[in-house]
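>>> What shape does this take:
(one chain, ligands or ions: 2)
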Amino acid sequence: MEKNKSPAGKRALITGVTGQDGAYLARLLLDKGYRVFGLVARRGSDALWRLRELRADADVTLLAGDVTDVSSLLRAIEQSQPTELYNLAAQSFVDKSWDLPSVTVQVSGMAVTNVLEAIRCTDRKIRFYQATSSEIFGRVRSPVQDESTPFHPRSPYGVAKVFAHWLTVNYRESHGLHASSGILFNHESPLRGPEFVTRKISSSVARIKLGLQDKLKLGNLDAKRDWGFAGDYVEAMWRMLQQDVADDYVIATGQNASVRDFCRIAFSRAGLDYEKYVEVDSALFRRAEIDAVLGSAAKAKARLGWSPKTSLEELVAMMVDADLARIGRQSSP
Ligand code: NDP
Ligand code: GDP
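Ligands and ions are numbered 1, 2, ... in the order given. A predicted model of the protein is given here:
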């Protein structure tokens with residue numbers, strides 16, 4: 001086994017390291033003295049832009065691999081010898097999951113079997129984090145959702161995440177793995193993918209403010225989400241793996257807001273009135289909508305000592321300001 005070089009003696013392997021959470025988690029773990037490895041499939045032309053924004057690109061060791069390819073996972077574990085493995089890889093965009101149901105179910109659901117089997121067959125002491133989602137609650141069975149709320153997913157993505165959640169629980173119960181499922185509610189940041197509504201709004205506010213766009217077309221403005229800041233949420237992932245006993249935790253802010261509210265706050269950050277710019281386009285409505293989600297992270301607060309630090313207003317300001325700066329730079333001569 002390769003000699004452990006990190007000061008904390010800890011080594012982490014992150015799948016989905018090029019995504020929003022992967023970048024924030026890599027930064028967090030590097031700051032804690034971990035040696036960080038990331039599984040990268042290199043699908044995009046500039047896969048490392050998020051890691052670069054957080055100045056983590058030079059310090060993360062990238063390993064070629066794909067969660068649907070178990071041999072690449074075995075190789076990555078062999079090369080990285082992790083003490084912790086964070087499975088963040090997913091086709092994570094709900095709307096796309098209706099167009100690509102098989103891919104979504106393979107990557108966001110079935111592939112969790114590959115990751116867990118790779119751990120079981122190599123080093124059962126590796127602590128495992130599975131990125132589950134509030135999408136498993138879907139058509140919600142109670143106004144506030146916690147770890148005991150029944151699941152009713154509304155999209156192929158949500159269905160895949162139900163599988164991922166239960167498989168994680170199953171490997172904990174039947175193989176004794178230290179495997180935790182984090183049921184995270186929506187979390188955003190300036191590094192959020194542009195297809196998600198929050199980033200679509202913040203980048204459009206910036207383009208409208210800078211005179212590069214006239215209108216913003218959105219779907220359902222009445223949908224409510226419990227939006228937190230990704231930087232706060234990766235801390236919860238890490239705390240789950242520091243517990244003596246693995247468990248499942250809801251991570252949420254405990255407050256929700258509508259897409260309309262998000263628009264109002266975002267446009268006003270740039271001194272604009274959203275009603276003058278936002279147009280509803282029925283083509284952008286979901287096939288099966290989740291009207292409202294609202295999480296209780298009481299268990300995480302009690303057991304992990306975790307609570308969110310960033311308000312919705314602070315989050316929106318961070319996103320709009322980052323897009324104004326980014327788009328301003330791009331459009332300047
Ligand atoms: P992103 O979509 O930003 O990142 C997903 C990552 O998975 C990307 O690095 C992507 O790489 C990678 N990936 C996709 N397919 C594969 C594959 N077959 N093999 C290896 N890697 C792959 O998601 P987030 O960072 O926002 O979310 C992280 C995780 O948390 C996801 O599992 C998501 O479903 C879950 N989650 C997210 C929430 C949120 O609000 N952000 C809420 C609840 C759960 P590439 O760029 O090359 O495609
Ligand atoms: P999700 O909660 O993971 O599906 O995150 P999204 O950011 O994709 O969507 C959040 C909510 O915004 C959903 O209820 C969507 O129906 C709603 N929404 C309204 N207009 C849009 C839009 O133009 N794009 C996206 N992505 N969502 C929209």
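>>> Quick check: residue 144 touching residue 295?
Yes - contact status for residue 144 versus residue 295: in contact at 7.2 Å, counting by Cβ atoms under 8 Å. Yep, even glycine has a C-beta here, placed from its N, CA and C like the rest.
>>> what about those two, which has more around it?
Legend: neighbour count by other Cβ atoms under 10 Å for residue 144 and residue 295, higher for residue 295 (26 against 16).
>>> Show me which residues of the stretch 51-200 of the chain are close to ligand 1?
66-68, 88-92, 107-108, 131, 133, 184, 186-187, 193 (Cβ under 6 Å from any ligand atom).
>>> Direction included, what does the helix or strand residue 86 falls within pair up with?
Secondary structure from DSSP states H and E places residue 86 in strand 84-87. In the sheet, strand 84-87 lines up against strand 11-15 (parallel), strand 127-133 (parallel) (DSSP bridges).
>>> Heading C-terminal from it, find the next helix or strand.
Counting by DSSP H and E, what follows strand 84-87 is helix 94-99.
>>> so where's the chain uncertain?
Applying pLDDT under 70 to the chain picks out residues 1-8, 332-333.
>>> Which residue is the nearest non-sequential neighbour of the residue in it positioned nearest to ligand 1?
In the chain, no residue comes nearer to ligand 1 than residue 19, which is 2.0 Å away by Cβ to the nearest ligand atom. Nearest residue to residue 19, sequence neighbours excluded (Cβ to Cβ, 6 or more residues apart in numbering): residue 88, at 6.0 Å.
>>> give the contact list for the one you found.
14-17, 19, 21-22, 25, 131 (Cβ atoms under 8 Å, 6 or more residues apart in numbering).
>>> Try it again at 10 Å.
Listed by Cβ atoms under 10 Å, 6 or more residues apart in numbering, the contact set of residue 88 reads 14-22, 25, 38-39, 67, 129-131, 182, 234, 237.
>>> buried residues in stretch 303-311?
Neighbour counts over stretch 303-311 (16 or more other Cβ atoms under 10 Å) mark 304, 306, 308, 310 as buried.
>>> Could you list the domains of the protein?
The chain breaks down into these domains under automatic domain parsing: 11-188+227-251, 197-225+256-331.
>>> which one of the ones you listed is the most hemmed in?
domain 11-188+227-251 (a mean of 20; mean count of other Cβ atoms under 10 Å).
>>> How about that domain and ligand 2, any contact?
Yes - against ligand 2, domain 11-188+227-251 shows contacts by Cβ under 6 Å from any ligand atom at 94-95, 186.
>>> and which of the residues you listed is nearest residue 220?
residue 95 (11.4 Å; Cβ to Cβ).
>>> Surely that closest one is in contact with residue 283?
No - counting by Cβ atoms under 10 Å, residue 95 stays clear of residue 283, with 11.3 Å between them.
>>> Find the residues that touch each one of those two.
In contact with both residue 95 and residue 283: residue 219, using Cβ under 10 Å, 6+ apart.
>>> Run through the residues that contact residue 137.
Per Cβ under 10 Å, 6+ apart, neighbours of residue 137: 145-146, 149-154, 158, 162, 183, 185, 250, 290, 293-295.
>>> Mind doing that once more with 8 Å?
145, 149, 151-153, 290, 293.
>>> Turn those residues into TSV, columns for secondary structure.
Below are those laid out as TSV (DSSP: H, G, I helix; E, B strand; the rest coil):
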residue	secondary structure
145	strand
149	coil
151	coil
152	coil
153	coil
290	coil
293	coil
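>>> now these in TSV, with distance to residue 202?
Shown next, in TSV, are the contacts of residue 137 (distance: Cβ to Cβ, whole Å):
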residue	distance to residue 202
145	26
149	30
151	31
152	30
153	27
290	21
293	21
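>>> Closest one to ligand 2 out of the residues you listed, please.
Out of the contacts of residue 137, the member with the shortest distance to ligand 2 (by Cβ to the nearest ligand atom) is residue 290, at 6.1 Å.
>>> what sits against that closest one?
Residue 290 touches 135, 137-140, 154, 223, counting by Cβ under 8 Å, 6+ apart.
>>> Residue 69 too?
residue 114.
>>> okay, stretch 259-274 in PDB with CA atoms only?
Extracted C-alpha coordinates of stretch 259-274, given in PDB (Å, rounded to 0.1, in the frame of the first residue of the first chain):
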ATOM      1  CA  VAL A 259     -39.100  30.400  -8.000                       C
ATOM      2  CA  ARG A 260     -40.900  33.800  -8.100                       C
ATOM      3  CA  ASP A 261     -39.400  34.700  -4.700                       C
ATOM      4  CA  PHE A 262     -35.900  33.800  -6.000                       C
ATOM      5  CA  CYS A 263     -36.500  36.000  -9.100                       C
ATOM      6  CA  ARG A 264     -37.600  38.900  -7.000                       C
ATOM      7  CA  ILE A 265     -34.600  38.800  -4.800                       C
ATOM      8  CA  ALA A 266     -32.100  38.200  -7.600                       C
ATOM      9  CA  PHE A 267     -33.400  41.000  -9.900                       C
ATOM     10  CA  SER A 268     -33.600  43.400  -7.000                       C
ATOM     11  CA  ARG A 269     -29.900  42.600  -6.200                       C
ATOM     12  CA  ALA A 270     -29.100  44.200  -9.500                       C
ATOM     13  CA  GLY A 271     -31.600  47.100  -9.000                       C
ATOM     14  CA  LEU A 272     -34.200  45.600 -11.400                       C
ATOM     15  CA  ASP A 273     -37.900  44.600 -11.100                       C
ATOM     16  CA  TYR A 274     -38.300  41.000 -12.100                       C
END
